[in-house]
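Q: please work out how this folds:
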Amino acid sequence: MLYDEIPSSSYTADGSALDARAKEKLVITPGAKLERDVTRANGSMQDLLTFLAAHVDEWDSSTEDVARRDFRSQTQAKEMRGIDASVLIS
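A: Now for the predicted structure:
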């Protein structure tokens with residue numbers, strides 16, 4: 001899910017389609033082909049929430065703890081360990 005307060009637009013993108021591109025950096029230009037290819041919903045935040053509520057059964061459910069540790073790379077996992085350590089220290 002992506003949300004931009006200016007001009008107040010939001011997108012729900014197909015993460016597997018984005019991941020298949022194997023890009024480290026992601027840029028989605030409004031109206032461009034990539035946006036049309038991967039976007040499942042767009043509009044206001046309310047539009048996005050309505051879409052998510054209507055399609056909630058399409059995604060596997062997960063606990064917050066499991067979701068926070070579902071990483072595609074060692075770099076992301078290492079970053080999460082650093083965040084966890086900083087929480088323990090504070």
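Q: need the residues that contact the helix or strand containing residue 65.
A: Using DSSP states H and E, residue 65 sits in helix 64-68. Applying C-beta atoms under 8 Å, 6 or more residues apart in numbering, the set of residues contacting helix 64-68 from outside is residue 80. Placement of C-beta: from N, CA and C, glycine included.
Q: how about residue 62, nearest residue that isn't a chain neighbour?
A: Distances taken as C-beta to C-beta, 6 or more residues apart in numbering put residue 70 closest to residue 62, at 7.3 Å, once the chain neighbours are dropped.
Q: against residue 32, how distant is the one you found?
A: Plainly put, residue 70 is 28 Å away from residue 32 if you go by C-beta to C-beta, to the nearest Å.
Q: also residue 12?
A: Taking C-beta to C-beta, one finds residue 12 at 17 Å from residue 32.
Q: which residues in this structure form helices?
A: Secondary structure of the chain (DSSP state H): helices at 15-20, 33-38, 45-54, 64-68, 74-89.
Q: now those helices as TSV including mean neighbour count, mean pLDDT and distance to residue 27?
A: Compiled in TSV, these are given as follows (neighbours: other C-beta atoms under 10 Å; pLDDT from 0 to 100; distance: least, C-beta to C-beta, whole Å):
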stretch	mean neighbour count	mean pLDDT	distance to residue 27
helix 15-20	11	76	11
helix 33-38	13	76	8
helix 45-54	13	84	20
helix 64-68	9	73	25
helix 74-89	10	76	19
